[in-house]
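Student: Show me the folded form of this:
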Amino acid sequence: MSYHIVNIDTPEAYITCRHGQLVCDDGCGKTKQLPLEDVCAIIITSFSSTVHSRLLNEAAKLGVSIIFCENFKPQSILMPANRITDTVLAKSFIEIPRYEIESYWDKTIDAKCYNQLAVASLIAPASQKLENIKIVCQRKTALKESQCARYYWEIFGEGIRREGFSRGDDSFSENKLLDFSYTVLSAIVMQKLFGYGLDASYGIAHSVRERSAPLAYDLMEPFRPYIDYCVFRWIEQNALLEDDVCVDRQFKRFLMDGIIRKVPYIGKQMEFKTAIDESIRSFRSAVKRKDITLYNPWTLKNSKWVG
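Tutor: Down below sits the predicted model:
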């Protein structure tokens, strides 16, 4: 599978496909090329870019997603209509009882909450709120995700020295970094789903009305805290004293370095993107064999991770 994620942010960019090459003209006389088969996804964050229909067609043939964003949040996702879906797998997924679907979600959220605890411990190891997250992680409640998020984002805000920080408040420029980073993460997850024949339109928690690829947004949940930590490290190292931060080329390069950084997964060290692959593969095996114990969402609960 390919892992290049191309971001188009130049105002007058013109992108097309010629002889199997993704071609981008920045409107100022500079042209860059990249084999389209090496591209995982194309993320377009510029309103005035021009996208040739030839690129849309060739991207669909190769299973390359094209994501259009507003303020770095996905607004439209173009996915190939002829993507290969494992029909036996799809039938197995549809036949999963509701109570078992909820168990898949519980397992996913448990992993996310423990990962939030691990990241919060790195951001503020002396914070008294860590104990609150630990208590929430051990609970079996439908409100676990929201309760954990409350303390987690308070710690994150303290770590970046932004009083009153909120994920829902666009006045905090740090949210742009997080929004873009989540878009990159979702693009990687969607490619993995396509590769394993999973239909992204069938989710375990997010509904089709909420998201165009609900399963991708479900299975990416445990990976969000790692992405949060990448953003935190960037702010800590490069922009802590600035009033505003932006999604520039340096940040994008830093984020992509994080995607290939080694992390632990089931007793092994592997690149973060490989951990995503392994987790989704375990989900596929669990659904196909009708055995939820085979599903191993990425979690740092039993791993030593130093960031």
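
Student: tell me the mean pLDDT over stretch 23-34?
Tutor: The average pLDDT within stretch 23-34 is 89.

Student: what comes up buried for that stretch?
Tutor: If you call a residue buried by 16 or more other Cβ atoms under 10 Å, then stretch 23-34 has these buried ones: V23, C24, D25, D26. Quick note: C-beta positions are derived from backbone N, CA and C, even for glycine.

Student: from those, which single one is nearest V189?
Tutor: Distance to V189 across the buried residues of stretch 23-34 (Cβ to Cβ) is lowest for C24, with 24.4 Å.

Student: mind checking which helix or strand that closest one is in?
Tutor: For C24, the element it lies in under DSSP states H and E is strand 21-25.

Student: What helices and strands are in contact with that strand?
Tutor: The contact analysis (3 or more Cβ pairs under 8 Å, 6 or more residues apart in numbering; DSSP states H and E) places strand 21-25 against strand 4-8, strand 14-18, strand 31-35.

Student: Show me where the stretch 51-200 of the chain has its strands.
Tutor: Along the stretch 51-200 of the chain, counting by DSSP state E, counting those that start in this stretch, strands occupy 65-70, 73-78.

Student: Does anything pack onto the last one? Which helices or strands?
Tutor: For strand 73-78, the helices and strands in contact under the criterion 3+ Cβ pairs under 8 Å, 6+ apart are helix 53-62, strand 65-70, helix 174-195.

Student: tell me the centre residue of the protein?
Tutor: Residue closest to the average C-alpha location in the chain (Cα atoms, centre = their mean): L185, at 2.3 Å.

Student: picking up where we left off before, K288 is nearest to which of the strands of the stretch 51-200 of the chain?
Tutor: K288 sits nearest to strand 65-70 of all these, at 23.7 Å, using Cβ to Cβ.

Student: ok so, going back, dump the helices and strands packed on strand 73-78 into JSON lines; add mean pLDDT and distance to L122 as well.
Tutor: Formatted as JSON lines, these follow (pLDDT from 0 to 100; distance: least, Cβ to Cβ, whole Å):
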{"stretch": "helix 53-62", "mean pLDDT": "91", "distance to L122": "37"}
{"stretch": "strand 65-70", "mean pLDDT": "84", "distance to L122": "29"}
{"stretch": "helix 174-195", "mean pLDDT": "89", "distance to L122": "17"}
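
Student: and among these, the most buried is which?
Tutor: Stretch with highest mean neighbour count among those: helix 174-195 (a mean of 23; mean count of other Cβ atoms under 10 Å).

Student: Just want the angle from that one to strand 65-70.
Tutor: 160 degrees (axes from the mean of the first three to the mean of the last three Cα atoms, to 10 degrees).

Student: Show me what helix 174-195 is packed against.
Tutor: In this structure, helix 174-195 packs against strand 4-8, strand 39-44, strand 65-70, strand 73-78, helix 214-219, helix 224-234, helix 249-259, helix 272-289, with contacts taken as 3+ Cβ pairs under 8 Å, 6+ apart.

Student: Contacts only, for S282.
Tutor: By Cβ atoms under 8 Å, 6 or more residues apart in numbering, the residues touching S282 are L294, Y295, N296, P297.

Student: which one of these is nearest T108?
Tutor: Nearest to T108, judged by Cβ to Cβ, of those is P297 at 5.2 Å.

Student: Quick check: closest non-adjacent residue to that closest one.
Tutor: Closest residue to P297 apart from its sequence neighbours, by Cβ to Cβ, 6 or more residues apart in numbering: A111 at 3.9 Å.

Student: I figured the one you found hits R224, correct?
Tutor: No. Contact criterion Cβ atoms under 8 Å: A111 and R224 do not qualify, at 10.5 Å.
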